[in-house]
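>>> Have a look at this prediction, sequence included:
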Amino acid sequence: MARFVNFGFFLLATGSGLVAIPCAADEQGARPMLVSEANLPAGFPAPGAVGTVIVKTYPTHRLARATVGKDSDNAMFMKLFNHIKRNDIAMTSPVQMDGNRESMAFLYATPDLGAPGVDPKDPAVVVEDIPETTVVSVALRGSYSKATAEKGIKQLREWLDGHPEWKEAGPPRTLGYNIPFVPSFLKYSEVQIPITRPQR
């Protein structure tokens with residue numbers, strides 16, 4: 001039977017080859033085997049270990065969001081790809097998928113790139129500034145399907161049931177780190193729920 005090693009770093013494809021970037025370890029020191037195609041946005045926390053629920057805080061950041069009408073994931077992806085290409089914005093990883101796939105977002109590398117507002121070339125794309133956000137997060141291996149996301153959401157809500165010091169503060173989201181050509185059994189994602197401390 002084949003075995004996969006937890007290498008503990010990103011393999012980033014760049015013009016000069018592959019670059020290794022450390023990933024976060026769990027309490028036992030295990031790190032996810034992860035292949036990524038782009039850099040994380042500035043200040044973003046490292047990806048977590050597969051199957052381990054953790055609390056993470058994301059800094060203020062800027063993103064471009066495409067909202068679904070009759071569009072598929074591929075159509076939203078292409079709207080966002082064309083947006084960053086038109087505006088000379090570098091691609092980052094991960095790609096964010098919100099709720100039940102109602103929208104998809106590309107994250108800007110830094111919050112000072114571009115400007116918020118509707119893309120004048122495509123009104124389906126809106127650039128937004130997102131305030132600092134705390135989430136409960138679990139990393140998963142497998143396809144970027146609704147079934148995979150629901151598995152993660154179930155695990156997170158079970159964790160929240162046992163941690164009354166936190167409460168849900170927004171809809172779930174999925175962070176996908178891989179392009180479609182990565183085989184499903186190697187794909188890595190994080191499913192997250194925004195959280196806050198209950199008012200006393």
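Looks like it arrived, so ask away. Residues are numbered from 1 along each chain as shown.
>>> Just give the number of residues close to Val135.
23 (other CB atoms under 10 Å). Every C-beta, even on glycine, is put in place using the N, C-alpha and C of the backbone.
>>> ok, the closest residue to it other than its chain neighbours to Val95 distance?
Spatial nearest neighbour of Val135, chain neighbours left out: Gln192 (4.0 Å); criterion: CB to CB, 6 or more residues apart in numbering. Taking CB to CB, to the nearest Å as the criterion, Gln192 is separated from Val95 by 13 Å.
>>> Ala115 too?
In this view, Ala115 and Val95 are 21 Å apart by CB to CB.
>>> Show me which of those two is the more surrounded one.
The residue with more neighbours, out of Ala115 and Val95 and counting by other CB under 10 Å, is Val95; that gives 24 against 9.
>>> now that one, which residues is it bridged with?
Counting by DSSP bridges, Val95 forms beta bridges with Phe106, Gly176.
>>> residues in contact with it?
Applying CB atoms under 8 Å, 6 or more residues apart in numbering, we find Val95 in contact with 77, 80, 104-107, 175-176.
>>> next one: Glu102
67-68.
>>> and Leu107, how many neighbours?
Residues contacting Leu107 under the criterion other CB under 10 Å number 23.
>>> Quick check: it touching Met91?
No: counting by CB atoms under 8 Å, Met91 is not a contact partner of Leu107; they are 9.4 Å apart.
>>> picking that back up, pLDDT and distance to Val182 added to the contacts of Val95, as TSV?
What follows is the contacts of Val95, written out as TSV (pLDDT from 0 to 100; distance: CB to CB, whole Å):
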residue	pLDDT	distance to Val182
Phe77	90	14
Leu80	95	18
Met104	94	17
Ala105	96	20
Phe106	97	18
Leu107	97	19
Leu175	97	15
Gly176	95	10
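>>> Scan those and report the most crowded one.
Each of the contacts of Val95 was scored by neighbours using other CB under 10 Å; the highest score is Phe106's, at 27 neighbours.
>>> which residues touch Gly117?
126-127.
>>> follow-up on the earlier one: can you report phi and psi for the residue nearest to Val135?
Gln192 has phi and psi values of phi -140, psi 150 when expressed as degrees, to the nearest 10.
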